[in-house]
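Visitor: My questions concern the predicted model and sequence given below.
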Amino acid sequence: MLDIKALRADPEQIAQALAIKGYVLDTQQFTEIEEKRKRLQSETETLQNERNVKSKSIGQAKAKGEDIQPLLALVGDLGERLDKAKAEFSLVQEEQQTLLMSIPNLPHASVPAGRDESDNIELHKWGVPKEFDFTPLDHVDMTASGGLDFETAAKISGARYVVMRGNLARLQRALTQFMLDHHTQVNGYQEVYVPFIVNADSMRGTGQLPKAAEDMFRINGETETYLIPTAEVPVTNIYRGEILNEADLPIRHVCHSPCFRSEAGSYGRDTRGMIRQHQFEKVEMVQLVHPDTSWDTLDTLTGHAEGILQALELPYRAVTLCGGDLSFTSAKTIDLEVWLPSQGQYREISSCSNFLDFQARRLQARFRNEAGDIELVHTLNGSGLAVGRTVVALLENFQTNNDYITIPDALRPYLGGVQQLSLND
RNA sequence: GGAGGGAUGGCAGAGUGGUCGAAUGCACUGGUCUUGAAAACCAGCAAGGUGUUAAAACCUUCCAGGGUUCGAAUCCCUGUCCCUCCGCCA
């Protein structure tokens, strides 16, 4: 949520900034609602004041044993007028709130203009894609003997799911373990375990609702709950409505969770293999920081995700998302894209974002600063990494022309020290 | 699933219809004392909004939403969550 004070002060400037994201802010609509709000609020509050003063005098008169009948008559129709004003006010307030909740975060000044991912700007590359002396397969063909089984998953559940067997299932578990250990032991994150089903307040808090409702799996029950699309939701919402001490910052959490996405609107995209699934594993880093440090933190957070790719010896590149590709909540996002030999291109494996105070304002996640004042924290998160896609990247980049893949040094301790892993066992 | 109890400031915890936004304690901030610290003592200390150069002033908020009343933290209804006991259970 944007700061409504900033919107009041200069709606045109905000509208201009939002245009970079491809969002059209109707400033005239906003101004009209705002003026109505102001008028109704002051009217309501005046009536309320009148009522409070008179009610109080009734109480005092009664305490002194005086006759309160004349005073009661005086209050007369006040209640009715107040109810009417209140109703109108809450209506316009709701209207304003709805509008405010649907306005995306402002992109940072350094975010490049552009419409979609083709306009993203490459920051740097790391590693060199391997030259194969045979034609590399994709991960689906590599595991056709049953390690990755999409047909069986389709029978059990439908399209965009996978059954993993034997060493493939173990590989995913090993990667998860390695990432968690790395972030906790090397990068100073605290591991957390959280619920994977969350309520609507949590979804609103991190900004998935109301805008992205169609991307979520809603649970069919009495209360409105959802499967999480990312651990960002439960982990960040730990701090919803909390006032932290400045000394508590920065807070760094890492969390492994399954992620559930309906992938509405991506029909026909990445239908083959494990790139785009309704259910996948992810290790997520979440930070709550002092507002002064969030931009530095975006760099270090991105570095933490890069550290995993480097340890796994996977070639990747970092790109800055352009305005049109930026998510609803993000002020700036750096994507890490891993090299996939079968596709001959880099594909997203991590997304690191600074949300500034946008989520914190929705969440009311705040801290008391040294002067004793209460301020909103800044929130950030990044995948470290998407585990399913890391399995794909590892398979494809480390394939050999027999049924084994080689295992990078960093991962060997998690697989019993083996140098090679059979795809058939 | 059955029975009962509860939700109040950063935390703990009083408050059952009227100067209650709310006692008290802890924590925190400032001061006195001290070589320094601790202790003791004094003072300050909820959030959000309207408003103002700044203040003052005003409004809202005691889990959430409805209701009763001139007036609700307090009474009534509904919901959510927590606790205790019984049952069931990975």
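Guide: Perfect, thanks for sending it. Values in this document were obtained by computation on a predicted structure and should not be read as measured data. Numbering: from 1, shown residues only, chains lettered A, B, ... in the order given.

Visitor: Buried by neighbour count: which residues of the strand or helix carrying A:S90 qualify?
Guide: Element membership for A:S90, per DSSP states H and E: helix A:78-101. Neighbour counts over helix A:78-101 (16 or more other Cβ atoms under 10 Å) mark A:L82, A:A85, A:F89, A:V92, A:Q93, A:Q96, A:L99, A:L100 as buried. To be clear about C-beta, it is placed using only N, CA and C from the backbone, and glycine gets the same treatment.

Visitor: which of those residues lies closest to A:L395?
Guide: A:L100 (45.4 Å; Cβ to Cβ).

Visitor: List the contacts of the closest one.
Guide: A:M1, A:L2, A:I4, A:L7 (Cβ atoms under 8 Å, 6 or more residues apart in numbering).

Visitor: Now flag whichever of those is closest to A:E232.
Guide: For the contacts of A:L100, the nearest to A:E232 is A:M1 (16.5 Å; Cβ to Cβ).

Visitor: That closest one and RNA strand B: what is the separation?
Guide: 11 Å (Cβ to the nearest atom of the strand, to the nearest Å).

Visitor: before we move on, back to that, for the buried residues of helix A:78-101, which one is nearest A:Q172?
Guide: A:L100 (40.9 Å).

Visitor: Spatially nearest residue to the residue in the stretch 251-400 of chain A positioned nearest to RNA strand B, not counting backbone neighbours?
Guide: Residue nearest to RNA strand B within the stretch 251-400 of chain A (Cβ to the nearest atom of the strand): A:I374, separated by 4.7 Å. What sits nearest to A:I374 in space, not counting adjacent residues and going by Cβ to Cβ, 6 or more residues apart in numbering, is A:R366, at 5.1 Å.

Visitor: List the contacts of the closest residue to A:G158 other than its chain neighbours.
Guide: Spatially, and ignoring its direct neighbours in sequence, A:G158 is nearest to A:H278 (7.7 Å; Cβ to Cβ, 6+ apart). The contact partners of A:H278, taken as Cβ under 8 Å, 6+ apart, are A:S157, A:G158, A:R160, A:Y161, A:F217, A:F260, A:R261, A:S262, A:E263.

Visitor: same check, this time on A:F328
Guide: A:F328 neighbours (Cβ under 8 Å, 6+ apart): A:P104, A:N105, A:G207, A:K211, A:A212.

Visitor: Equivalent analysis for A:V233, please.
Guide: A:V198, A:S202, A:M203, A:G205, A:T206, A:Q208.

Visitor: now the host helix or strand of it: how far from the chain's centre is it?
Guide: Here A:V233, judged by DSSP H and E, is contained in helix A:232-237. Put simply, helix A:232-237 sits 8 Å off its chain's centre (Cα atoms, centre = their mean, to the nearest Å).

Visitor: and what of stretch A:165-185?
Guide: Distance, stretch centre to chain centre, for stretch A:165-185: 23 Å (Cα atoms, centre = their mean).

Visitor: how many neighbours does the residue lying closest to A:Y414 once chain neighbours are set aside have?
Guide: Of all residues not flanking A:Y414 in the chain, A:A174 sits nearest, at 3.8 Å (Cβ to Cβ, 6+ apart). A:A174 has 22 neighbours, counted by other Cβ atoms under 10 Å.

Visitor: got the contact list for A:A174?
Guide: A:L411, A:Y414, A:L415.

Visitor: and what of A:I243?
Guide: A:R366, A:F367, A:R368, A:I374.

Visitor: Now, those residues that are in strands?
Guide: A:R366, A:F367, A:R368, A:I374 (DSSP state E).

Visitor: Make CSV out of those and add pLDDT, neighbour count and distance to A:A73.
Guide: Below are these laid out as CSV (pLDDT from 0 to 100; neighbours: other Cβ atoms under 10 Å; distance: Cβ to Cβ, whole Å):
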residue, pLDDT, neighbour count, distance to A:A73
A:R366, 89, 19, 47
A:F367, 89, 24, 51
A:R368, 84, 15, 49
A:I374, 86, 11, 45
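
Visitor: which residue packs closest to A:T152, ignoring adjacent ones?
Guide: A:V163 (4.7 Å).

Visitor: Does the helix or strand of chain A with the lowest mean pLDDT pack against any helices or strands, and if so which?
Guide: One helix or strand of chain A scores below all others by mean pLDDT, DSSP states H and E: helix A:69-75, with a mean of 79. When contacts are defined as 3 or more Cβ pairs under 8 Å, 6 or more residues apart in numbering; DSSP states H and E, helix A:69-75 packs onto helix A:27-63.

Visitor: Check whether the helix it packs on comes close enough to RNA strand B to count as a contact.
Guide: Yes. With Cβ under 7 Å from any atom of the strand as the criterion, RNA strand B is reached by helix A:27-63 at A:38, A:41-42, A:44-46, A:48-49, A:51-56, A:58-60, A:62-63.

Visitor: Would you indicate which residues of that helix are buried?
Guide: A:T27, A:F30, A:I33, A:E34, A:K36, A:R37, A:L40, A:E43, A:T44, A:L47, A:K54, A:A61.

Visitor: I'd like the residues you listed as JSON lines, with pLDDT and distance to A:D325 appended.
Guide: Shown next, in JSON lines, are the buried residues of helix A:27-63 (pLDDT from 0 to 100; distance: Cβ to Cβ, whole Å):
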{"residue": "A:T27", "pLDDT": "92", "distance to A:D325": "25"}
{"residue": "A:F30", "pLDDT": "92", "distance to A:D325": "26"}
{"residue": "A:I33", "pLDDT": "91", "distance to A:D325": "30"}
{"residue": "A:E34", "pLDDT": "91", "distance to A:D325": "31"}
{"residue": "A:K36", "pLDDT": "91", "distance to A:D325": "36"}
{"residue": "A:R37", "pLDDT": "91", "distance to A:D325": "34"}
{"residue": "A:L40", "pLDDT": "91", "distance to A:D325": "40"}
{"residue": "A:E43", "pLDDT": "90", "distance to A:D325": "45"}
{"residue": "A:T44", "pLDDT": "91", "distance to A:D325": "43"}
{"residue": "A:L47", "pLDDT": "91", "distance to A:D325": "49"}
{"residue": "A:K54", "pLDDT": "89", "distance to A:D325": "58"}
{"residue": "A:A61", "pLDDT": "83", "distance to A:D325": "67"}
